[in-house]
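Enquirer: make a model of this:
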Amino acid sequence: MKKAICLLAVGLVLSAQAQNVKKKPMTAPKTKTQPHKEVVYQVFTRLFGNQNTNNKPWGTLEENGVGKFNDFTDKALQEIKKMGVTYIWYTGVPHHALVRDYTKYGISNDDPEVVKGRAGSPYAVKDYYNVNPDLAVDPAKRLQEFEALIARTHKNGLKLIIDIVPNHIARKYEGKTNPQGVRDFGADDNTNLEYDRNNNFYYIPGKAFEVPTSDSYKPLNGEANPLIDGKFSEFPAKWTGNGSRNAKPDINDWYETVKVNYGIRPDGSKDFPELPQGFDQKSYKEHYAFWKDKDVPSSWKKFRDIALYWIGKGVDGFRYDMAEMVPYEFWSFMNSSIKMKNPNAFLLAEVYNPNEYRNYIHLGKMDYLYDKVDLYDHLKAVIQGKALPDHVSEIQKKYSDIDHHMLHFLDNHDEQRLASPEFAGTPEKGKPLMVVSATLGSSPTMIYFGQEVGEAGAIDGGFGKPSRTSIFDYVGVPNHQRWMNGGKFDGGKLSDAEKQLRDFYSRLLNFTTKSSALMGSFADLQKANREATAGYDPGIYAFARWSKEQKLIVVANFSWVTKSHFDMKVPTELIAQWKLKDGTYPLKDQLYQKQTAMLKVNQGVGIIHIDINPSESFIFGF
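Expert: Numbering: from 1, shown residues only. All right, here's what the predicted structure looks like:
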C-alpha cells in the first residue's frame, strides 16, 4: 500500500517527537563499515512461484494460481545467489486477512468488506505467530513449510528477512497458534476509554464501526459473498490504521486495519520513559540495559515477543513497515532486544521523513532506512526529464554521515515498476539509474524480483492496477515467469534482450559485493565538468569512489537519445589524494571488462576522454 502521503497518523508520532527536541545537535557515531555491500532481493512470496498466466482481473486462486514456499527450490535459490544476492526479503509471509475459505484448518473467514482485493494486503496481519495459508502445499503444516524454507535458504548461503508491521493489524486479528501465555492484541483492553496506556488499540466509545462505501468501489468487484452485507461487527469502533478517528473511515483510508497504541496519547504526547540525552551515542547493549527495568506499554512487549519468536526460528532480520508512525523509543526497546539475541540481525525500516532519519538510526537502533525521499525520487525525476542529475551529489553530501544506513532501491512492491511507462519507460533506460544507485554509497542495494528481467507491471489484477505488480490479487508476473521457465529457473523463455538485462544486473550486483572502493570514499566530478567541459551533456553524471586498494570513476548517461563525447576533468584535489604522478593510466570498465579509457595526468590535472552511448554507464577501475 502506498503510505507516504498519510500525514494524519505520521503527525501523531512526529508531534510527540517534537516535544523531545534535543538542545544540542546530535553528532553521528562513526559507522563501522562492512567488508562488502549487501544485496537484498525482495520477492513477493505469493507471486514468485506462480506459473499460471491467466491473470483474470479479480480471479480466484484456482483461476489465476498462487506461488508456494516450496517453489523456492535449491535451484531457484542458487540462481538468485549467483546474481550477487546476500539477503532475500520474503514479503507477505505473516498470516494476513484474505478472501478464501480455510475454516477446515481452524481459520475464520475474513469479511471482504475489510479486505483489500481478494488475496488481501500483506500489511493487514491477522496472526503474527503463523504464516499465510495460501503459501503452503498443506495449510495445516504451513508453519513447518516456512521453517523448511528458512533452512533451505540458509543451506544455499543466503540470509532472509520478513515483514513486521508495527503500526497496524487486521481488523479481525485472531492468534490461533499463539505460544503459551501470549494474549491476543486487545484481549485485555478497557474498551470504554478512547485511550489507555496499556490498551493495544484506540477506541471510539459508544460508536460501532461502519463499513466504508464508495460509488466507484465494491468488494470483490460486486461478486456475491455471504459476508458482504454492508456490516462488520466491531463495537466500539477502533481508530483506523492510518490514524482516522472516524467510526466510518473513508474508502481511501487503511480501513482494513486498526491502529496500534504505543503509549502516544491522542494529543500526541508521550506516555512512557524517554531516552536520556546522549543516547544517540550509545550501543544497543546500553539501550537494552536502559529498558530492562522500565515499565513500558503492553504493545511494546507484544511486538518484541513477536520479533524474538521469529528470530528464534532462524529469521535473520526484519523489514519494518511505516516505522516512522511508531515512536523511536519503542524501536530502541525492540531493536536492542533483537540485537541481544542476534547481534548481526538485519533491521530495515520504511521511513519517509528525512528530518527523522538520524533519530531512527541512532536512537531507534535501525541498521538501514529506505533512501526514497531524495535519492529515489530525484533519480526518477531525472529519467523522466524533469531534473538534471547534478543534485545527486548534494543528496549524497546531505546524508554523508549516515550514508551506510540509507538502503538504495529503484523498485519495490509499493512503487511503480522501473521498466514501466510511468517510470523509466524501458528496462534499458533504467540501467544508468541502477548503476548510480548501486555504486553511489556504501549502503545495501535492493532489487525487486522481476526487475532484473524488465518486468513492467502491466497486469490489471483487479484491485491492483498497473504500473505496480499487484500485492492484493492472485496474478502472475510475466517476465519473471519466462525466467522461471516452468520451475527450471534457467531463463529458458527469456528474450535475448531480457537475458542481456539479467546479465547486466548480475554483473553489477556481484561487482558491488566485492568492491572495497564502494565501502570507501566519495568525490563528486560534476562541479568540475558541468560548466567548463565541452560536450558534457545535461544527462551526464560522474563521481569517484575509492579505497586504499581500489579506485573507481563512474560515468552514467541518463539521456536515452544523446551520444556524448567529452574530455572529463578529474580535479587536482582528487589526483593529489590518489597520489597520482604525471603520466597515463589505463582504465577498464569493471562490468564488461571491454571498454578501456586513459586517465592522463598532466601537471596534477587528470583528463579522461569519454565516448558514451545513450543509457550507457561505465565503472572505470584502475
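Enquirer: correct me if wrong: I395 contacts D374.
Expert: Yes: if you go by C-beta atoms under 8 Å, I395 and D374 touch, sitting 4.8 Å apart. C-beta: built from backbone N, CA, C; applies to glycine.
Enquirer: those two: which is more packed in?
Expert: I395 (21 against 18; other C-beta atoms under 10 Å).
Enquirer: which SS class is the more buried one?
Expert: Following DSSP: H, G, I helix; E, B strand; the rest coil, we place I395 in the helix state.
Enquirer: OK, contacts around it?
Expert: Residues in contact with I395, defined by C-beta atoms under 8 Å, 6 or more residues apart in numbering, are D374, L375, H378.
Enquirer: now swap in E147 and tell me
Expert: Here E147 is in contact with K313, G314 (C-beta under 8 Å, 6+ apart).
Enquirer: so what pLDDT did it get?
Expert: pLDDT, E147: 98.
Enquirer: also Q595?
Expert: 72.
Enquirer: ok, K23 next?
Expert: 34.
Enquirer: what does V99 give?
Expert: 98.
Enquirer: where are the low-confidence patches of the chain?
Expert: Across the chain, the ranges flagged by pLDDT under 70 are 1-35.
Enquirer: hmm, 80 instead?
Expert: In the predicted model, the chain carries pLDDT under 80 at residues 1-35, 595.
Enquirer: list the helices and strands the longest helix along it packs on?
Expert: In the chain, taking DSSP state H as the definition, the longest helix is helix 496-514. Applying 3 or more C-beta pairs under 8 Å, 6 or more residues apart in numbering; DSSP states H and E, one finds that helix 496-514 makes contact with strand 39-44, helix 431-439, strand 445-448, helix 478-484.
Enquirer: buried set for the third one?
Expert: When you say that, I think you mean strand 445-448. Residues of strand 445-448 classed as buried: T445, M446, I447, Y448 (neighbour count, 16 or more other C-beta atoms under 10 Å).
Enquirer: closest one of those to V66?
Expert: Y448 (18.6 Å; C-beta to C-beta).
Enquirer: state the distance from the residue lying closest to the closest one once chain neighbours are set aside to D473.
Expert: Nearest non-adjacent residue to Y448, counting by C-beta to C-beta, 6 or more residues apart in numbering: D411, 4.0 Å away. According to C-beta to C-beta, to the nearest Å, D411 and D473 sit 19 Å apart.
Enquirer: same deal with G206?
Expert: According to C-beta to C-beta, G206 and D473 sit 37 Å apart.
Enquirer: looking at those two, which has the bigger crowd around it?
Expert: D473 (26 against 10).
Enquirer: residues contacting the closest residue to that one other than its chain neighbours?
Expert: Leaving aside its sequence neighbours, D473 sits nearest to G461 (C-beta to C-beta, 6+ apart; 3.1 Å). By C-beta under 8 Å, 6+ apart, the contact set of G461 is N55, P57, W58, G117, S470, F472, D473, Y474, V475.
Enquirer: quick check, the fourth one in contact with K465.
Expert: No: contact status for G117 versus K465: not in contact, 10.9 Å apart, counting by C-beta under 8 Å.
Enquirer: quick one: which of those two has more around it?
Expert: G117 (24 against 14).
Enquirer: isn't there a strand covering that one?
Expert: No: assigned with three-state DSSP, G117 falls outside any strand and is coil.
Enquirer: just give the closest residue to it, not the sequence neighbours.
Expert: F472 (2.8 Å).
Enquirer: and that neighbour, what element?
Expert: Assessed by DSSP states H and E, F472 sits outside every helix and strand.
Enquirer: count of neighbours near it?
Expert: Counted with other C-beta under 10 Å, F472 comes out at 21.
Enquirer: and what of the one 4 residues further on?
Expert: G476 is surrounded by 21 other residues when neighbours are defined as other C-beta under 10 Å.
Enquirer: from memory it sits against F48, does it?
Expert: No: G476 is beyond contact range of F48, at 10.4 Å (criterion: C-beta under 8 Å).
Enquirer: quick revisit: so which of the helices and strands packed on helix 496-514 gets nearest D250?
Expert: Using C-beta to C-beta, the nearest of the helices and strands packed on helix 496-514 to D250 is strand 39-44, at 26.8 Å.
Enquirer: ok, back up a step: can you tell me how far the residue nearest to Y448 sits from F48?
Expert: For D411, the distance to F48 - C-beta to C-beta - is 15 Å.
Enquirer: neighbour count for those two, which is higher?
Expert: Per other C-beta under 10 Å, whichever of D411 and F48 has more neighbours is D411, with 28 against 24.
Enquirer: so who does the residue nearest to G117 touch?
Expert: When contacts are taken as C-beta under 8 Å, 6+ apart, F472 is in contact with K116, G117, R118, A119, G120, S121, G461, G462, F463, G464.
Enquirer: need the contact list for the second one.
Expert: Read that as G117. G117 touches G461, G462, F463, G464, S470, F472, D473, counting by C-beta under 8 Å, 6+ apart.
Enquirer: nearest spatial neighbour of the third one, skipping sequence neighbours?
Expert: Yep, that's F463 we're talking about. F463's closest residue in space is G117 (C-beta to C-beta, 6+ apart), at 3.4 Å.
Enquirer: which stretches of the stretch 101-250 of the chain form strands?
Expert: Assigned by DSSP state E, counting those that start in this stretch, the stretch 101-250 of the chain shows strands spanning 125-131, 159-164, 168-170, 203-204, 237-238.
Enquirer: mean neighbour count added to those strands, as CSV?
Expert: Formatted as CSV, the strands of the stretch 101-250 of the chain follow (neighbours: other C-beta atoms under 10 Å):
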stretch, mean neighbour count
strand 125-131, 23
strand 159-164, 22
strand 168-170, 27
strand 203-204, 22
strand 237-238, 24
